[in-house]
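Novice: When you get a sec, could you give me coordinates for this:
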Amino acid sequence: MTNVNENIEALVMPSDTPERFAAAVAKAAALLRAGQVVALPTETVYGLAANALDAEAVARIYQAKGRPSHNPIIVHVDGPEMARRCVRQWPPTAALLADAFWPGPLTLILPRAAGIPEIVTAGGPTVGIRWPSHPFMQAVIQACGFPLAAPSANPSNHISPTSAAHVLAHLGRRIPLIVDGGPSEVGIESTVVDISGGAARVLRPGMIAEADILARLGPVASSVPTSVSEPANSVLRSPGMLKKHYSPKTRLLVCGWTGDADLIRRVKSLNIAPATVQVIAHQHAPQSGGWRAVHRLPGDPKGYARLLYSVLHAADQPDTALIVLEALPKGADWKAVNDRLQRAAAQEG
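Specialist: Take a look at the predicted model:
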């Protein structure tokens, strides 16, 4: 396998006109057929894609990201027919959920077919399958004729990218191509539902809510709560289950505050000067305190999720000692973003 060449600079191709779209599809498909990795837009976050049927190509994903070998990769398909070729079984629950939520931000965990290399599933017996709704990702899969393994296009455990600029900043010298498809519409990773054992089990919350899954399937046998994480050395059925994930390099503190004075007191108790702190507010944006910067995210869960990673990227700067993010409500609508924030703020170990 060819080593990552950090002396190259990724080509960034726009896709905002029919001509540019077609040219970018052709370039991406050619590289993927040659066993290379490319960064592509999806509706959730930008993905780092390779031929899911080529173990050496998938290994390049792990190498470029610095991804631990026990963390599996979701396989992206162009519809149920291709999905069925990637799995050993396609139960009625799979058909129901695919019909209801595909194409879209839902990943189904099913027993993997023999043609899916073990490196994709981290040696496990199951594989995550998703049909993305982004037109560019769909066009590339159709042009290639094979499924794409595609985790988020960022260094392992760091903030997921929701723009081509995010990918360029962190992987621009590790991959040959980044396709700019505009900002990600959903903004966080897909909901993951394990149906490999018959009954459905939500492994990773996302913007397709558990209640909507329940409405299609009836009672879910079990659902992994937001607080559950997998040990670092265990075989995972889904990405996004490690204790620490989606993290900025800068320390992240998630907390509530009653007013400007309370927030200032909390920060100063950590012996950190407010001038080196960036604040991300939800309801109570501070009006004073001399902060390095103050960001305010939308009040609805979908709007919040769409912009969360973009704001975290903006706040994660060398001149910032701390990012303080206002704690969110605990309701079901906020479960997915609370999951991402809990993992982003987790300490190592």
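Novice: What segments of the stretch 51-200 of the chain are helices?
Specialist: For the stretch 51-200 of the chain, applying DSSP state H, counting those that start in this stretch gives helices covering 55-65, 80-85, 92-101, 135-144, 164-171.
Novice: Please produce a markdown table containing these, extended by mean neighbour count.
Specialist: Yep, even glycine has a C-beta here, placed from its N, CA and C like the rest. What follows is the helices of the stretch 51-200 of the chain, written out as a markdown table (neighbours: other C-beta atoms under 10 Å):
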| stretch | mean neighbour count |
| --- | --- |
| helix 55-65 | 20 |
| helix 80-85 | 16 |
| helix 92-101 | 17 |
| helix 135-144 | 20 |
| helix 164-171 | 21 |
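Novice: can you tell which of those is closest to M207?
Specialist: Among the helices of the stretch 51-200 of the chain, the nearest to M207 by C-beta to C-beta is helix 92-101 (10.5 Å).
Novice: Can you name every helix or strand that that closest one contacts?
Specialist: helix 80-85, strand 106-111, helix 210-217 (3 or more C-beta pairs under 8 Å, 6 or more residues apart in numbering; DSSP states H and E).
Novice: With mean pLDDT and distance to C255 as extra columns, can I get the helices of the stretch 51-200 of the chain in CSV?
Specialist: Listed next are those as CSV, based on pLDDT from 0 to 100; distance: least, C-beta to C-beta, whole Å:
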stretch, mean pLDDT, distance to C255
helix 55-65, 97, 30
helix 80-85, 98, 42
helix 92-101, 95, 34
helix 135-144, 98, 37
helix 164-171, 97, 26
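Novice: Outline the domain layout of this protein.
Specialist: 11-223, 251-345 (automatic domain parsing).
Novice: Of these, flag the one that's most buried.
Specialist: Neighbour counts (mean count of other C-beta atoms under 10 Å) averaged over each of those peak at domain 11-223, with a mean of 20.
Novice: quick one on the thing from earlier: mind putting the helices of the stretch 51-200 of the chain in CSV, distance to E326 included?
Specialist: CSV is the format used below for the helices of the stretch 51-200 of the chain (distance: least, C-beta to C-beta, whole Å):
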stretch, distance to E326
helix 55-65, 30
helix 80-85, 39
helix 92-101, 31
helix 135-144, 33
helix 164-171, 23
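Novice: Same question for R265, what's its three-state structure.
Specialist: The three-state label given to R265 by DSSP: H, G, I helix; E, B strand; the rest coil is helix.
Novice: Mind pulling up the pLDDT for it?
Specialist: We have a pLDDT of 94 for R265.
Novice: Also P231?
Specialist: On the pLDDT scale, P231 gets 51.
Novice: Could you identify the helix or strand that succeeds the helix or strand of the chain with the lowest mean pLDDT?
Specialist: Across the helices and strands of the chain, mean pLDDT, DSSP states H and E gives its lowest value to strand 222-223, namely a mean of 52. For strand 222-223, the following helix or strand on the C-terminal side (DSSP states H and E) is strand 251-255.
Novice: Residues contacting that next one, please?
Specialist: 266, 270, 312, 321-327, 341-342, 344-345 (C-beta atoms under 8 Å, 6 or more residues apart in numbering).
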